[in-house]
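Could you look at this predicted model? Sequence included:
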Amino acid sequence: MNNPEVLKTIENLRGRRAYEEKRAVKFGFSSLYEYIEDKINKKAIAVECKKEETKTSQSESSLKNKSCGCC
């Protein structure tokens, strides 16, 4: 429980804390901290995947634009 980002998120829940606690139990987490930590990790992974997807799509589009062998 040393991650300051998770602690800050939990502090900022205010009225939604009870709702998030119920969701944590529903999804099988033993604490709200673990649930929030998992949500933050999933967001980070999604951002990484989006960046990789953007890089591959840009490289594919640059290959498609070169239809002739002279360029």
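Cool, got the structure.

average pLDDT for stretch 18-29?
Mean per-residue pLDDT for stretch 18-29: 96.

Mind listing what's buried along it?
20, 21, 24, 29 (16 or more other Cβ atoms under 10 Å). Heads up, the C-betas are built off the backbone N, CA and C, glycines and all.

Format those residues as CSV; extra columns: distance to residue 48.
As requested, the buried residues of stretch 18-29 are arranged in CSV below (distance: Cβ to Cβ, whole Å):
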residue, distance to residue 48
20, 24
21, 28
24, 24
29, 23
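
Which elements pack onto the least confident helix or strand in the chain by mean pLDDT?
In the chain, the helix or strand scored least confidently by mean pLDDT, DSSP states H and E is helix 32-65, which has a mean of 85. Judged by 3 or more Cβ pairs under 8 Å, 6 or more residues apart in numbering; DSSP states H and E, helix 32-65 is in contact with helix 4-11, helix 17-26.

among those helices, which is nearest residue 33?
Closest to residue 33 of these is helix 4-11 (Cβ to Cβ; 5.9 Å).

circling back: closest to residue 43 among the buried residues of stretch 18-29?
Closest to residue 43 out of the buried residues of stretch 18-29 is residue 20 (14.7 Å), distances taken as Cβ to Cβ.

Grab the nearest non-local neighbour of that closest one.
residue 13 (5.8 Å; Cβ to Cβ, 6 or more residues apart in numbering).

likewise residue 7?
Using Cβ to Cβ, 6+ apart, the closest residue to residue 7 is residue 1 (7.4 Å).

so how far is residue 58 from that neighbour?
40 Å (Cβ to Cβ, to the nearest Å).

swap in residue 49?
15 Å.

quick one: the residue nearest to residue 7 and residue 33 touch, right?
Yes: between residue 1 and residue 33 there is a contact under Cβ atoms under 8 Å: 5.6 Å.

which residues does residue 35 contact?
Counting by Cβ atoms under 8 Å, 6 or more residues apart in numbering, residue 35 makes contact with 20, 23, 24, 27, 29.

State the distance from the residue nearest the centre of the chain to residue 33.
Nearest residue to the geometric centre of the chain (Cα atoms, centre = their mean): residue 43, 0.9 Å. Applying Cβ to Cβ, the value for residue 43 to residue 33 is 16 Å.
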